[in-house]
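>>> got a structure for you, letters missing:
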């Protein structure tokens, strides 16, 4: 990360809308409470090419759901872990959120209702929520694994 103001460490390989579900476009006529929406993401890393990663971003609001994905490549492989995390979590994610907002606006502008404008998204909070979710899932999995090891083994009857 040679420049802290402009991130030129990411190459956008591709961005696409993976899936859209809009069961009834008449719901777009009203105002929305985005606090009832669902926004989640997953990050996947390429097995051979360690500088490439895929982000899948899912957004749902009432009868509208969309999944977008972006494939990004870091310019080099030798970033410090902290720098790499910042580039991926804030750089790549910011690019994909912008793509999501543009896609949602474009798609909903073709319906009978008003185009859907996103409010600002607190990227830091989104990432912190994901970290908390991963930690809870890990603790739950560890608890299940520990519980199954402590159960007595039963013999099979022949």
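Noted; the coordinates are in hand. All figures in this text were calculated on a predicted structure; none of them were measured in a lab.
>>> going forward, measure contacts between C-alpha atoms and count neighbours the same way
Will do.
>>> Helix or strand with the lowest mean pLDDT in this structure?
Using mean pLDDT, DSSP states H and E, helix 123-150 stands out as the lowest-scoring helix or strand of the chain, at a mean of 82.
>>> That helix: which residues count as buried?
For helix 123-150, a neighbour-count test (16 or more other CA atoms under 10 Å) marks residue 127 as buried.
>>> what packs against it?
strand 38-45 (3 or more CA pairs under 8 Å, 6 or more residues apart in numbering; DSSP states H and E).
>>> So in that sheet, which strands flank the strand it packs on, and in what orientation?
When sheet partners are counted by DSSP bridges, strand 38-45 sits next to strand 52-61 (antiparallel).
>>> contacting residues around the partner strand?
With CA atoms under 8 Å, 6 or more residues apart in numbering as the test, strand 52-61 has contacts from 34, 36-46, 65-74, 92-93, 96-97.
>>> Check the offset of that strand from the chain's centre.
On the basis of CA atoms, centre = their mean, to the nearest Å, strand 52-61 sits 4 Å off its chain's mean C-alpha point.
>>> pLDDT of that strand, averaged?
Per-residue pLDDT over strand 52-61 has a mean of 94.
>>> Going forward, the N-terminal residue is numbered 12.
Sure, I'll start numbering at 12, so the last one becomes strand 63-72.
>>> between the helix or strand following that strand and strand 49-56, how big is the angle?
The helix or strand immediately downstream of strand 63-72 is strand 75-85, counting by DSSP states H and E. Put simply, strand 75-85 runs at 30 degrees to strand 49-56, going by axes from the mean of the first three to the mean of the last three CA atoms, to 10 degrees.
>>> immediately after strand 75-85, which helix or strand?
Downstream of strand 75-85, the first helix or strand assigned by DSSP H and E is helix 92-97.
>>> which of the residues in that next one are buried?
residue 95.
>>> same deal with stretch 115-127?
Within stretch 115-127, the residues that count as buried by 16+ other CA under 10 Å are 115-116, 119, 125-127.
>>> Quick check: the gap between the nearest residue to residue 101 once chain neighbours are set aside and residue 157.
With CA to CA, 6 or more residues apart in numbering as the criterion, residue 101 has its nearest non-adjacent residue at 7.2 Å, and that residue is residue 134. From residue 134 across to residue 157, the span is 35 Å (CA to CA, to the nearest Å).
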